[in-house]
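Engineer: Here's a sequence, model it:
(2 chains)
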Amino acid sequence: MKNFFRISFLIALFFGFQFNSNAAEKIEYLKTDWSFKGPFGKFDRAALQRGYQVYQEVCSSCHSMKYLSYRNLVEEGGPEFSVEQAKAIAASFEVKDGPNADGEMFMRPGRLSDKFVKPYENEKAAQAANGGAYPPDMTVLVKARGGGVDYIYSLLQGYEDPPAGVTLDDGVYYNKFMYGNRIKMSNQLSDGLVEYSDGTNASVEQMAKDVTTFLMWTAEPHLETRHKMGFKAIVYLIILTVLVYFSMKRIWSRIETKV
Amino acid sequence: MSGHEYTPKSKVGKWFNDRLPLLTLANHLTDYPTPKNLNYWWTFGGILTFCLITQIVTGLVLAMHYIAHADMAFQSVEHIMRDVNYGWLIRYIHANGASMFFLAVYIHIFRSLFYGSYKSPREIIWIIGIIIYLLMMAAAFLGYVLPWGQMSFWGATVITNLFSAIPLVGEGIVTWLWGGYSVDNPTLTRFFTLHYLIPFLILGLVVLHIWALHVPGNNNPIGIDIKKPSKDTVPFHPYIVIKDGFALLMFMIVFAFFVFYTPNILGHADNYIEANPLITPAHIVPEWYLLPFYAILRSVPDKLLGVIAMLSAILILAALPWLDTSKIRSAVFRPLYKQFYWILVADVLILGYVGAMPAEGLYLLIARIATAYYFLHFLVVLPVLGFKERTTPVPLSITEPILGGSPNLATVKKKDSFKDQ
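Structural biologist: Below is the predicted model:
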């Protein structure tokens, strides 16, 4: 048994190193309580709806959300807008469809089955409009950044005046959480920027938290199902393991050797 | 196999068995005499079989939804994660399953190293195992390319470029592997094909691995030859089946924890960025299970020699049965080897750690020392130790506490469960 612990310790140490090395540069991100963390974590429905509003009113003018459809807004475990609300949201966008019987492409109001409308036709157009920087697609953004939600949450609040001696080019901004501190996105959030329909005070912190929660959902739409199923699966496995343990003891009691 | 007489009771069974002796095989597998003192480190063979089958089954389902095309692969993975029923579950099991597979195989290999399971008469089992391990690494690497994220693309570029180190024909080989002049769609489609093929090769080799095992039978913690069947053995069913089952369930709990609660922790964030040939990630790192070899590769300043060192680090294991000159199998009776064994374990872990770090400064120095020690262990320490080491007395059987020479009850008692470590 002692040996078992020794090896477990070595393995733990090894993985500990790995996790450390993943966050190569140690930056202390801003901390907040995420409702979706932990084995029983769930999304805060209201935060998701507010987060969608922030995405829609602020981020979506530059950042696409290409793997998400309007129908996803209705689905269980997400913002859970009502079907009517989601239909209205979809219909507020113009979607290119076609070709029709005459072979023409045409514009029509969006439907639930449509993917989120992109702000730019293509990557080049996005770069041209943003000083050469491509605003990344946001669907899986939190999973594509080392610091995850904490990183995005901090970045949105990390804008500062550059310290003395740091000169920035035109269209480059200083952000203390950005790798290399230089970022091509200007500060987007300011207090009261959006007007929340549920009356929540739209402070920068609140908006950053809401939109990050929304991005966590877009990256992991089945997170709640996963957590629930994980709990059931592990409880089931533990019970089965205990039963099998006693069966094993029973079987091995037929001979003198211990198991 | 062992050639003992078995006749099915029913007439139909006998008729069938005379034509295809499947029932004889089943009987052999059930009755297979197994040393009764096997500890839990021996349960990883069964666990590995489970891992292989899990990977094959989840992989089949994923292949039904995945699209092997440079423009669609990343998107199709997101489609699996979002729109395929329980697609996220299947994919997370498959992705974490690879890590679990390697975790189990490393324990399995190091168990073998500790108890000398590679020694005569088990050399063939061991060599087949090394081939399986090589194929596993190939399958894991190919599979990591399929989601077509940044790490997929750049990992594929780095690893395939290793072949360019071969003098004269290297560049040609790399172009041939890529199916073009860079990693692109033809590379992805062939990687997918090979990724689909390799698990079945592994499955075939696993059958040979087990077949070869069933000829001499299992080694055991005290590493002595035992009479089979005898007081020292138990039939595989139910004794070992239930014990392997119990261990497998424990393993599955850990597995489930990763799948359901930290499914992305063993992967790299950059792989959620779609592959972009124009942007190189800041650090290109392989998956954790390949890091020790990556460290060895980078610790040699010359590219060709680095590749040779990396390959030798794996292939040297195949020569292990002849490099280890000691007649005693189990480290339990080899006080010096036991020390060197743990140094090797630490050495490999250190290599894994520096493999994840940038190859510069102190990290590079540590990588070089650890690489040198790795080879020193196999090429110098093991051969010399066999002649120099004074081993402690070995018991004559598992059940009877009779030692070859001086009966020492205290030592024997410890042998039972690997406790003296």
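
Engineer: in chain B, what residue sits furthest out from the centroid?
Structural biologist: B:Lys11 (43.1 Å; CA atoms, centre = their mean).

Engineer: Please report how far the nearest residue to A:Pro79 once chain neighbours are set aside lies from B:Pro277.
Structural biologist: In space, and not counting its chain neighbours, A:Pro79 is closest to A:Leu48: 3.9 Å by CB to CB, 6 or more residues apart in numbering or on different chains. Heads up, the C-betas are built off the backbone N, CA and C, glycines and all. A:Leu48 sits 36 Å away from B:Pro277, going by CB to CB, to the nearest Å.

Engineer: okay, those two: which has more neighbours?
Structural biologist: The residue with more neighbours, out of A:Leu48 and B:Pro277, is A:Leu48; 25 against 12, by other CB atoms under 10 Å in any protein chain shown.

Engineer: so what pLDDT did the more buried one get?
Structural biologist: A:Leu48 is assigned a predicted lDDT (pLDDT) of 98.

Engineer: Over to the one 10 residues further on?
Structural biologist: Per-residue confidence at A:Val58 stands at 96 (pLDDT).

Engineer: Backbone dihedrals for it, please?
Structural biologist: When read as degrees, to the nearest 10, the backbone of A:Val58 gives phi -110, psi -60.

Engineer: Now it: closest residue in space, sequence neighbours ignored.
Structural biologist: A:Gln188 (5.4 Å).

Engineer: what about the one you found, how many neighbours?
Structural biologist: Applying other CB under 10 Å, I find that A:Gln188 has 17 neighbouring residues.

Engineer: In contact with B:Pro235, which residues?
Structural biologist: B:Thr30, B:Asp31, B:Tyr32, B:Pro33, B:Thr34, B:Pro229 (CB atoms under 8 Å, 6 or more residues apart in numbering or on different chains).

Engineer: can you count the residues close to the fourth one?
Structural biologist: In this case it means B:Pro33. Counted with other CB under 10 Å, B:Pro33 comes out at 18.

Engineer: check contacts around it.
Structural biologist: By CB under 8 Å, 6+ apart, the contact set of B:Pro33 is B:Gly217, B:Lys228, B:Pro229, B:Ser230, B:Thr233, B:Val234, B:Pro235, B:Phe236.

Engineer: Tell me how far it lies from B:Leu396.
Structural biologist: B:Pro33 is 18 Å from B:Leu396, where distance means CB to CB.

Engineer: Check the average confidence over the one helix or strand B:Ile296 maps to, would you?
Structural biologist: Assessed by DSSP states H and E, B:Ile296 sits inside helix B:291-299. The pLDDT scores in helix B:291-299 average 96.

Engineer: Only the C-alpha atoms, please, for that helix, written as CSV.
Structural biologist: Output in CSV follows, covering the C-alpha atoms of helix B:291-299 (Å, rounded to 0.1, in the frame of the first residue of the first chain):
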residue,chain,number,x,y,z
LEU,B,291,6.7,14.3,-23.4
PRO,B,292,9.6,12.2,-22.1
PHE,B,293,10.5,11.3,-25.7
TYR,B,294,10.0,14.8,-26.9
ALA,B,295,12.5,15.9,-24.2
ILE,B,296,15.0,13.3,-25.4
LEU,B,297,14.6,14.5,-29.0
ARG,B,298,15.2,18.1,-28.1
SER,B,299,18.1,17.4,-25.7
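
Engineer: Weed out the non-buried ones from the contacts of B:Pro235.
Structural biologist: Using 16 or more other CB atoms under 10 Å in any protein chain shown as the burial test, the contacts of B:Pro235 include B:Tyr32, B:Pro33, B:Thr34, B:Pro229 as buried.

Engineer: Mind putting those residues into TSV with secondary structure, pLDDT and distance to A:Asp150?
Structural biologist: TSV is the format used below for the buried ones among the contacts of B:Pro235 (DSSP: H, G, I helix; E, B strand; the rest coil; pLDDT from 0 to 100; distance: CB to CB, whole Å):
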residue	secondary structure	pLDDT	distance to A:Asp150
B:Tyr32	coil	95	53
B:Pro33	strand	95	56
B:Thr34	strand	96	50
B:Pro229	coil	84	60
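
Engineer: helix/strand/coil for A:Ser190?
Structural biologist: Assigned with DSSP: H, G, I helix; E, B strand; the rest coil, A:Ser190 falls in the coil class.

Engineer: Settle this for me: it is touching A:Ser203, isn't it.
Structural biologist: No - between A:Ser190 and A:Ser203 there is no contact under CB atoms under 8 Å: 9.7 Å.

Engineer: what about A:Ser82, how many neighbours?
Structural biologist: Neighbours of A:Ser82 under the rule other CB under 10 Å: 10.

Engineer: ugh, typo on my part, it should be B:Ala295
Structural biologist: By other CB under 10 Å, neighbour count at B:Ala295 equals 29.

Engineer: Quick check: closest non-adjacent residue to it.
Structural biologist: B:Ala295's closest residue in space is B:Gly355 (CB to CB, 6+ apart), at 3.5 Å.

Engineer: ok, the one you found to B:Ala313 distance?
Structural biologist: Computed as CB to CB, the B:Gly355 to B:Ala313 distance reads 12 Å.

Engineer: neighbour count winner among these two?
Structural biologist: Legend: neighbour count by other CB under 10 Å for B:Gly355 and B:Ala313, higher for B:Gly355 (26 against 20).

Engineer: Spit out the contact partners of that one.
Structural biologist: Shown in contact with B:Gly355 (CB under 8 Å, 6+ apart): B:Val285, B:Pro286, B:Leu290, B:Leu291, B:Pro292, B:Phe293, B:Tyr294, B:Ala295, B:Arg298, B:Ala367.

Engineer: And the residue of chain B closest to chain A?
Structural biologist: Per CB to the nearest CB, B:Phe260 is where chain B lies closest to chain A, at 2.5 Å.
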